[in-house]
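**Student:** here are the coordinates; sequence isn't available:
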């Protein structure tokens with residue numbers, strides 16, 4: 001790695017978590033696979049942070065833009081969880097003006113060379129709000145809260161549904177997820193409550209949706 005690449009990496013601010021064992025990951029395989037899937041040379045990867053269920057890596061490419069690799073640490077998550085997350089991101093992008101990271105590639109199963117579910121997505125610069133909140137002025141805090149309210153209001157106005165469940169792309173849209181216009185459907189709710197601890201072998205997944213009323217949702 002040359003000095004320019006080192007400086008480039010140092011500009012990415014993220015909280016690095018060292019109190020847990022890292023994901024058992026072959027970095028060379030990750031670089032090769034990202035290069036293949038995104039069709040441009042991936043030259044280095046840096047572990048940024050660990051979430052409860054995921055590890056986040058910054059992938060740097062020979063040509064811009066760089067991207068984020070979100071790698072699952074929890075293989076018990078069903079593939080439908082990833083499918084719903086991708087569909088939700090694409091729905092919000094298609095139906096609102098809210099900035100959502102572009103999804104470049106994804107696989108909700110471990111049946112891939114890096115052996116874990118992943119999402120390759122656009123890297124958006126910024127900082128965690130909790131890291132800077134107490135350094136902000138009252139006016140800056142008001143401005144941020146106003147932006148959050150506008151985002152929530154837009155979601156409320158433009159993302160209302162007649163049923164209760166999770167979003168999924170329909171079959172055709174799933175095959176062509178980079179189409180300008182995608183179609184979506186409401187399907188079963190994906191929640192750890194329904195599949196952790198072997199519950200997925202007990203409950204019929206269809207039991208978790210599609211729901212018509214708040215009462216039926218509360219009775220799950």
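**Tutor:** Now that the structure is in, tell me what you want to look at. Quantities reported herein were computed from a predicted structural model and do not represent experimental measurements.
**Student:** from here on, contacts and neighbour counts on C-alpha atoms
**Tutor:** Will do.
**Student:** per-residue confidence for residue 51?
**Tutor:** Here, the pLDDT recorded for residue 51 equals 80.
**Student:** other residues contacting the longest helix anywhere in the chain?
**Tutor:** In the chain, taking DSSP state H as the definition, the longest helix is helix 138-158. Residues from elsewhere that reach helix 138-158 (CA atoms under 8 Å, 6 or more residues apart in numbering): 92, 95, 96, 98, 133.
**Student:** what's the burial count for the last one?
**Tutor:** For residue 133, the tally of surrounding residues (other CA atoms under 10 Å) stands at 13.
**Student:** skipping its backbone neighbours, what lies nearest it in space?
**Tutor:** Leaving aside its sequence neighbours, residue 133 sits nearest to residue 141 (CA to CA, 6 or more residues apart in numbering; 7.5 Å).
**Student:** now, which of the contacts of helix 138-158 sits nearest residue 81?
**Tutor:** The closest of the contacts of helix 138-158 to residue 81 turns out to be residue 92 (CA to CA; 16.7 Å).
**Student:** that closest one: which element?
**Tutor:** Using DSSP states H and E, residue 92 sits within helix 79-95.
**Student:** just the mean pLDDT for the helix or strand just after that helix, thanks.
**Tutor:** As assigned by DSSP H and E, the chain's next helix or strand after helix 79-95 is strand 103-107. Confidence for strand 103-107, expressed as mean pLDDT, is 94.
**Student:** what helices and strands are in contact with strand 103-107?
**Tutor:** Helices and strands touching strand 103-107, by 3 or more CA pairs under 8 Å, 6 or more residues apart in numbering; DSSP states H and E, are helix 27-38, strand 118-122.
**Student:** switch to 7 Å and redo it
**Tutor:** strand 118-122 (3 or more CA pairs under 7 Å, 6 or more residues apart in numbering; DSSP states H and E).
**Student:** next SSE downstream of the strand it packs on?
**Tutor:** helix 129-132.
**Student:** tell me how far that following helix is from the chain's mean position?
**Tutor:** Computed by CA atoms, centre = their mean, to the nearest Å, the chain-centroid distance of helix 129-132 equals 20 Å.
**Student:** likewise stretch 46-54?
**Tutor:** 12 Å.
**Student:** buried set for that stretch?
**Tutor:** 47, 48, 49, 50, 54 (16 or more other CA atoms under 10 Å).
**Student:** which of those residues fall in helices?
**Tutor:** Going by DSSP H, the helices hold none of these.
**Student:** quick one: those residues as a markdown table, columns for distance to residue 31 too.
**Tutor:** Compiled in a markdown table, these are given as follows (distance: CA to CA, whole Å):
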| residue | distance to residue 31 |
| --- | --- |
| 47 | 13 |
| 48 | 16 |
| 49 | 18 |
| 50 | 19 |
| 54 | 18 |
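**Student:** which of those residues lies closest to residue 117?
**Tutor:** residue 54 (9.6 Å).
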